[in-house]
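1. next one to model:
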Amino acid sequence: APDLWAAAFGCLLSMEGAEEICWGLTFLRERSGEHFAYDGGAFMIDIAILEKLNAPAREERLANLREVLKTTEFPPMVPQYINNHIHTTYSFSPYSPTAAVYAARMEGLCTAGIIDHDSISGAQEFLAAAELIGMPVTVGMECRVSMNGTALEGKRTNNPDQVGVSYMTIQSVPHDKIETLNAWFAPYRAARGRRNRAMVEKINALLDGIALDYDRDVLPLSEAKEDGGVTERHLMYALAKKMTQKAGKGQPMADYLASIGLSLSEKQKNQMLDTAYPFYEYDLLGILKSAFVPKIYIDATDECPNVRDVAKLCQDLDALLCYAYLGDVTASVTGDKKAQKFEDEYLDDVIACIKSCGIRAVTYMPTRNTPEQLARLRRLCDENGLFQVSGEDINSPRQSFVIKAMENPLFSNLIDATWKLIGHEKTGSASC
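-> Residues are numbered from 1 along each chain as shown. Modelled structure (predicted):
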């Protein structure tokens with residue numbers, strides 16, 4: 001009931017941790033007659049609904065959404081809850097664009113943004129689902145760029161796997177430029193596909209008794225047929241499925257991983273023993289990504305356009321190119337990144353370089369950085385006239401869409417920025 005939602009959200013906003021929020025929302029939905037899967041550390045939309053909204057075809061997904069909405073009662077929108085970095089099945093995610101909008105709205109977000117790797121193919125569906133739900137959204141994509149010819153050539157910035165290549169987001173893409181942007185990246189998606197095939201061969205060389213076939217095992221896990229991106233996570237997901245077929249779940253899987261030399265943390269052991277979890281292979285994927293990607297990774301070259309070319313493209317399309325600040329990592333939120341030093345040691349040089357390349361904005365994730373990192377970054381952005389954007393990447397079923405840090409008034413500028421992104425891509429009139 002609406003009164004129940006309203007009363008409960010007042011309590012939820014005072015809770016400190018993600019587990020408390022999930023517990024509260026799960027309790028709330030049980031009281032209101034809704035049944036949502038809950039794993040003790042995050043909550044998801046109802047599995048039956050997710051399956052409908054993840055149907056094979058876009059039009060079927062949207063048609064199913066229309067039916068689901070007939071019996072859906074959403075919680076009130078929380079003005080502080082924005083997230084502009086939600087991955088979908090058009091890169092790697094348990095959520096189709098339709099399911100992503102529904103899940104975001106069900107968590108109380110007032111707006112959401114799609115960001116997929118090397119592709120913006122899911123944007124039109126994301127917009128259509130948002131219109132049905134009545135939720136303002138923003139669209140964009142994520143890419144990697146070569147820093148060759150700049151002061152950052154050969155340096156590590158925000159990429160755990162490779163020096164001289166940086167992650168960027170392209171935000172607030174005008175809706176009439178979506179197809180142009182996607183077509184521009186087509187040859188880079190093709191180049192990544194060739195590198196993916198080579199990495200599959202390296203996987204096969206590493207493991208006895210497991211043979212991955214890129215066309216049979218990897219591509220069907222993606223939306224490549226609709227120009228979606230295919231990433232290392234797809235390779236690891238395909239490997240996870242093969243391993244599950246070979247070893248089974250539970251203790252046999254834990255034993256198998258030990259037999260191939262993987263040492264599991266207590267958390268990972270518990271995940272492997274949780275055979276009832278409906279996204280078992282996602283947990284296994286996280287383990288495999290840390291263990292195997294460094295062994296099979298091949299440097300990306302042809303699939304990474306030069307930073308200046310992408311800056312020019314975004315200028316021509318009137319889209320906003322953002323440097324994605326990572327900062328030195330001490331602990332990984334998603335559990336698949338190791339402690340590692342990134343751009344903090346020479347952040348002043350990074351800011352100067354991206355500005356000289358025509359990049360006008362920086363995107364960052366408040367939850368994932370220390371107060372000291374954030375204060376320094378925000379000061380540099382202000383001093384250099386760089387627009388600030390935020391979003392925390394969603395690509396796992398255990399993650400909440402809610403960024404609790406946004407409740408801090410310090411980050412109110414990031415909420416204002418989101419509405420500027422939305423206004424700009426609709427009309428071109430908002431300044432960002």
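
2. CA atoms for contacts and neighbours, from now on please.
-> Will do.

3. for the stretch 201-350 of the chain, what are the low-confidence residue spans?
-> Scanning the stretch 201-350 of the chain with the threshold set as pLDDT under 70 gives 331-338.

4. can you give me the helices in it?
-> Per DSSP state H, counting those that start in this stretch, the stretch 201-350 of the chain carries helices over the ranges 232-247, 251-259, 266-273, 280-296, 307-317, 347-356.

5. by contact count, what packs against the second one?
-> What it means is helix 251-259. helix 232-247, helix 266-273 (3 or more Cα pairs under 8 Å, 6 or more residues apart in numbering; DSSP states H and E).

6. same check, this time on the shortest one
-> Contacts of helix 266-273 with other secondary structure elements, assessed using 3+ Cα pairs under 8 Å, 6+ apart, are made with helix 251-259, helix 280-296.

7. which one, of these, ends up nearest to residue 52?
-> Ranking the helices and strands packed on helix 266-273 by proximity to residue 52 (Cα to Cα) places helix 280-296 first, at 19.5 Å.

8. list the contacts of that closest one.
-> 161, 199, 202-203, 232-233, 236-237, 239-241, 244, 262, 268, 271-272, 274, 335-338, 396-397 (Cα atoms under 8 Å, 6 or more residues apart in numbering).

9. what's the angle from it to helix 232-247?
-> For helix 280-296 against helix 232-247, the angle by axes from the mean of the first three to the mean of the last three Cα atoms, to 10 degrees is 110 degrees.

10. how far off centre is helix 280-296?
-> Distance, stretch centre to chain centre, for helix 280-296: 17 Å (Cα atoms, centre = their mean, to the nearest Å).

11. list the buried residues of it.
-> 280-289, 292-293, 296 (16 or more other Cα atoms under 10 Å).

12. swap in stretch 247-257?
-> Buried-residue list, stretch 247-257, by 16+ other Cα under 10 Å: 249, 250, 251, 253, 254, 256, 257.

13. residues touching the fourth one, list them.
-> With contacts defined as Cα under 8 Å, 6+ apart, the neighbours of residue 253 are 243, 244, 247, 272.

14. burial of the last one, as a residue count?
-> Per other Cα atoms under 10 Å, the neighbour tally for residue 272 reads 24.

15. let me see the ranges of the strands in the stretch 101-250 of the chain.
-> Remark: strands assigned in the stretch 101-250 of the chain by DSSP state E, counting those that start in this stretch are 109-117, 137-146, 165-171.

16. so which elements touch the second one?
-> Contacts of strand 137-146 with other secondary structure elements, assessed using 3+ Cα pairs under 8 Å, 6+ apart, are made with strand 109-117, helix 123-133, strand 165-171, helix 307-317, helix 412-427.

17. switch the cut-off to 10 Å
-> strand 78-86, strand 109-117, helix 123-133, strand 165-171, helix 178-184, helix 307-317, strand 320-324, helix 412-427 (3 or more Cα pairs under 10 Å, 6 or more residues apart in numbering; DSSP states H and E).

18. equivalent analysis for the last one, please.
-> Contact analysis of strand 165-171 by 3+ Cα pairs under 10 Å, 6+ apart lists strand 78-86, strand 109-117, strand 137-146, helix 307-317, strand 320-324, strand 361-364, helix 412-427 as its packing neighbours.

19. on that earlier part again, which one of the contacts of residue 253 is nearest residue 104?
-> Of all the contacts of residue 253, residue 272 has the smallest distance to residue 104: 27.5 Å, by Cα to Cα.

20. check contacts around the closest one.
-> For residue 272, the contacting residues are 249-255, 257, 264, 266, 280-281, 283-284, 287, by Cα atoms under 10 Å, 6 or more residues apart in numbering.
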